[in-house]
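# coords please:
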Amino acid sequence: MDLDWLDTRELLYCIGGFIGLLVALIFAAELLAGLGVPSSRSGVVEQGIERSPDIFLAVLPVSMLLVGPAEELLFRNVIQKSLYATFSQPSAVVLSSVLYAAIYLPAYATVSFPAALGGLALAFVLSLVLAYTYAQTDNLLVPTVIHGGFNAFQYAVLYVAVTREVGVV
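Numbers count the residues shown, from 1 in each chain. Predicted coordinates:
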């Protein structure tokens, strides 16, 4: 397993990767909205908005400490690394990102085709950032920190947005 403490260079990749994910998310959301592609939300987001924003606080640590790291272990340290044996590093980055996006197909089974395509494209682009940081550092901790931190950030922002909207905070 390619896991080591972060050095200064890798810490900069973590910061850059996190900012890259934010920029990619904002850009993709604006692009899709501009193209008239409807957005779709996950079941957790729907429940947090419709039932209780406290759901966001409950899934935040789980997403940060379990989901992000597990996905990175599988898609970077197993799949992407295995693809290096057959493909160039850039090709392995793209292919692992395609496979990452594909795991979200069931989540979009009940939404319109344009919304599903937009969501899958977004997952692909976000995965490219994570795959690139792993390819550049060969340290699984880099994409894991970025992914976990980004997930936590999204749920924290959702919590604040929803609670302010309904007047809870």
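
# After the lowest-mean-pLDDT helix or strand in the chain, which helix or strand is next?
The weakest-scoring helix or strand in the chain, judged by mean pLDDT, DSSP states H and E, is helix 43-50 (a mean of 73). Counting by DSSP states H and E, the next helix or strand C-terminal to helix 43-50 is helix 54-62.

# C-alpha coordinates for the helix or strand following that next one, CSV please?
Next along the chain after helix 54-62, taking DSSP H and E as the criterion, comes helix 68-72. What follows is helix 68-72, C-alpha atoms only, in CSV (Å, rounded to 0.1, in the frame of the first residue of the first chain):
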residue,chain,number,x,y,z
GLY,A,68,-13.5,8.7,1.0
PRO,A,69,-10.6,6.5,2.3
ALA,A,70,-12.3,3.3,1.1
GLU,A,71,-12.9,4.6,-2.3
GLU,A,72,-9.4,5.9,-2.6
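
# Tell me where the model's unsure across the protein.
Scanning the chain for pLDDT under 70 picks out 40-44, 166-169.

# mind redoing it with 50?
Per-residue confidence of the chain (counting by pLDDT under 50) places the weak regions at 169.

# related to what we said a few turns ago, what angle do the least confident helix or strand of the chain and helix 54-62 make?
Comparing the axes of helix 43-50 and helix 54-62 via axes from the mean of the first three to the mean of the last three C-alpha atoms, to 10 degrees yields an angle of 150 degrees.

# Next, give phi and psi for Leu140.
Backbone torsions of Leu140, given as degrees, to the nearest 10, read phi -60, psi -30.

# Ala85 now?
As for Ala85, its main-chain torsions (degrees, to the nearest 10) stand at phi -70, psi -30.

# now the helices: where do they sit in the protein?
Counting by DSSP state H, the segments of the chain that form helices are 8-34, 43-50, 54-62, 68-72, 81-83, 89-102, 113-137, 141-165.

# So Phe75 sits against Ala131, correct?
Yes: applying C-beta atoms under 8 Å, one finds Phe75 in contact with Ala131, separated by 7.5 Å. (Glycine included, C-beta is placed from N, CA and C.)
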